[in-house]
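> Structure, please.
(one chain, ligands or ions: 1)
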Amino acid sequence: MPSLEEELFPSTPGKFKIDRSHSMNRQFHRCFASTSTMFLWALFLIALTASYLSFQSFVDSGSKYFTASWGGLQWEKQVRVSSQIRRSGGMSVLVTGGAGFVGTHVSLALKRRGDGVVGLDNFNNYYDPSLKKARRALLDSHGIFVVEGDINDSRMLEKLFDIVAFTHVMHLAAQAGVRYAMENPNSYVHSNIAGLVSLLEACKSANPQPSIVWASSSSVYGLNEKVPFSESDRTDQPASLYAATKKAGEEITHTYNHIYGLSITGLRFFTVYGPWGRPDMAYFSFTRNILQGKPIKIYRGKNRVDLARDFTYIDDIVKGCLGSLDTSGKSTGSGGKKRGPAPYRIFNLGNTSPVTVPTLVSILERYLKTKAKRSLVDMPGNGDVPFTHANISLARSELGYKPTTDLQTGLKKFVRWYLSYYGYNHGKPVN
Ligand SMILES: O=C(O)[C@H]1O[C@H](OP(=O)(O)OP(=O)(O)OC[C@H]2O[C@@H](n3ccc(=O)[nH]c3=O)[C@H](O)[C@@H]2O)[C@H](O)[C@@H](O)[C@H]1O
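Numbering: from 1, shown residues only. Here you go, the predicted model:
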């Protein structure tokens with residue numbers, strides 16, 4: 001089969017017909033036919049080479065994923081204004097995944113205390129983008145600008161660091177979800193591996209280099225059976241590709257810390273829930289299905305043992321994130337070179353009191369005043385782990401992290417928000 005180039009440039013040039021105007025003078029044509037043909041060929045070749053090269057760089061930078069919704073004077077002004085610090089000793093933070101669940105809450109908390117915040121989000125459709133847009137509207141009403149862009153877009157990242165000398169990056173952009181990794185494995189590589197490297201490259205080259213706090217996951221403990229999970233426990237048995245990419249992230253950030261002097265703090269979040277949460281998570285989809293009278297699947301482990309999670313309320317997670325930013329220490333590199341050792345830290349951020357999934361459902365039933373249609377099924381082999389339980393002593397001593405919201409209280413707040421956001425037509429208001 002001929003290649004595209006062979007089709008465009010057949011080996012017998014005579015086959016390639018150039019349309020000529022009838023008004024052309026035959027004599028003139030005969031004299032200049034060979035010169036003009038060569039000239040046209042040369043022009044054509046130059047144009048083709050140029051478009052091929054620009055297409056290559058487009059593909060190389062992964063730009064096929066990007067929307068061109070950044071840049072321009074107005075955009076730069078919005079970025080600058082949003083990043084302005086309004087307290088002494090404050091920080092300017094780039095929050096990736098800014099329109100995400102945790103990103104929104106962290107951004108609001110930072111802004112509230114006078115820090116400068118710029119969000120960054122690609123608004124992908126892993127779950128309903130209208131929820132992300134509603135979060136963006138909320139952020140906007142608090143003076144926080146969210147840039148629409150992908151962390152793989154290195155040109156855009158470079159531009160952001162040109163405009164603002166961010167002191168910190170709160171990196172929360174990721175492909176989340178444990179079970180979805182079997183459906184769309186490449187999206188995890190794209191965001192959690194390639195995107196992470198692209199972001200670290202931008203941070204490494206930035207002058208000054210920012211300190212980085214980023215979201216790892218409790219899922220890195222995988223098949224670890226020692227409870228509660230401590231940071232020093234083994235994390236080399238991931239049960240899902242999601243977990244494997246988060247574990248890889250911990251190794252990748254370590255190399256950037258080691259080679260370039262970037263200050264790194266990785267946070268292992270334990271099943272975070274709350275208002276403005278992620279619709280793909282169990283507590284959220286259970287609520288929707290219970291209100292709509294649809295059945296819910298409750299997974300059970302081996303020997304019909306209930307699964308359990310160390311569900312952690314969003315406000316507690318936000319405190320852990322801010323504590324991490326405040327204690328992160330400085331990156332030491334400049335001009336892409338390390339000038340001395342920089343902090344590398346990993347912390348569990350959990351609640352320390354696991355609750356079983358059936359108990360979670362009972363709490364929801366009470367607040368929703370509706371019985372769930374429970375269907376108990378054996379846990380499919382899709383990356384799930386039977387339980388999680390955080391040991392948080394390290395975060396407590398280093399960050400002053402102290403979770404204060406139990407599942408009952410947190411779910412009550414979530415249900416209130418859910419009903420106010422989606423309306424009361426799906427169920428009765430919570431007391
Ligand atoms: O801590 C993390 O690092 C991860 O937390 C979250 O993962 P998980 O702890 O798996 O939360 P989630 O899906 O809410 O399932 C909760 C429970 O409900 C069970 N579950 C789930 C679905 C269902 O239909 N039925 C069911 O029983 C299920 O078996 C499980 O026992 C984040 O999604 C993930 O992005 C990551 O951040």
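> Show me where this protein has its helices.
Read by DSSP state H, the chain holds these helices, from start to end of the chain: 4-8, 26-60, 73-82, 101-112, 129-141, 154-163, 185-188, 195-205, 241-260, 282-291, 314-326, 357-368, 393-399, 407-422.
> The shortest one near the ligand at all?
No - between helix 185-188 and the ligand, judged by CB under 6 Å from any ligand atom, nothing touches; the nearest distance is 10.7 Å. Yep, even glycine has a C-beta here, placed from its N, CA and C like the rest.
> re the thing from before, among the helices of the chain, which is nearest residue 349?
Taking CB to CB as the measure, the helices of the chain were each checked against residue 349, and helix 314-326 came out nearest at 4.1 Å.
> The helices of the chain into CSV, with extra columns for mean pLDDT?
Formatted as CSV, the helices of the chain follow (pLDDT from 0 to 100):
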stretch, mean pLDDT
helix 4-8, 33
helix 26-60, 51
helix 73-82, 98
helix 101-112, 99
helix 129-141, 98
helix 154-163, 98
helix 185-188, 98
helix 195-205, 98
helix 241-260, 98
helix 282-291, 97
helix 314-326, 99
helix 357-368, 98
helix 393-399, 98
helix 407-422, 98
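> Could you dump those into TSV with mean neighbour count and distance to residue 335 added?
Supplementary listing: these in TSV, determined by neighbours: other CB atoms under 10 Å; distance: least, CB to CB, whole Å:
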stretch	mean neighbour count	distance to residue 335
helix 4-8	10	41
helix 26-60	11	24
helix 73-82	14	23
helix 101-112	23	28
helix 129-141	16	33
helix 154-163	18	13
helix 185-188	17	33
helix 195-205	21	8
helix 241-260	20	10
helix 282-291	20	45
helix 314-326	22	24
helix 357-368	18	50
helix 393-399	17	30
helix 407-422	18	45
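> Quick one: closest of those to residue 227.
Put simply, out of these the one that sits nearest residue 227 is helix 393-399, at 13.9 Å, with distance taken as CB to CB.
> Just send the helices of the chain back as a markdown table, with distance to residue 346 too.
Rendered in a markdown table, the data for the helices of the chain read as follows (distance: least, CB to CB, whole Å):
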| stretch | distance to residue 346 |
| --- | --- |
| helix 4-8 | 49 |
| helix 26-60 | 32 |
| helix 73-82 | 30 |
| helix 101-112 | 17 |
| helix 129-141 | 28 |
| helix 154-163 | 24 |
| helix 185-188 | 20 |
| helix 195-205 | 15 |
| helix 241-260 | 7 |
| helix 282-291 | 26 |
| helix 314-326 | 10 |
| helix 357-368 | 27 |
| helix 393-399 | 8 |
| helix 407-422 | 25 |
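> May I have stretch 387-398 exported as PDB, CA atoms only?
In PDB, the C-alpha atoms belonging to stretch 387-398 read as follows (Å, rounded to 0.1, in the frame of the first residue of the first chain):
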ATOM      1  CA  PHE A 387     -10.400  -2.300  54.100                       C
ATOM      2  CA  THR A 388      -8.400   0.800  54.800                       C
ATOM      3  CA  HIS A 389      -7.300   2.200  58.100                       C
ATOM      4  CA  ALA A 390      -4.900   5.100  58.600                       C
ATOM      5  CA  ASN A 391      -2.300   5.600  61.200                       C
ATOM      6  CA  ILE A 392      -2.000   9.400  61.400                       C
ATOM      7  CA  SER A 393       0.600   9.800  64.100                       C
ATOM      8  CA  LEU A 394       3.100  11.300  61.700                       C
ATOM      9  CA  ALA A 395       0.700  13.800  60.200                       C
ATOM     10  CA  ARG A 396      -0.400  14.700  63.800                       C
ATOM     11  CA  SER A 397       3.100  15.400  65.000                       C
ATOM     12  CA  GLU A 398       4.400  17.100  61.800                       C
END
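> what about it, distance to the chain center?
Taking the mean C-alpha point of stretch 387-398 and that of its whole chain, the gap between them comes to 23 Å (CA atoms, centre = their mean, to the nearest Å).
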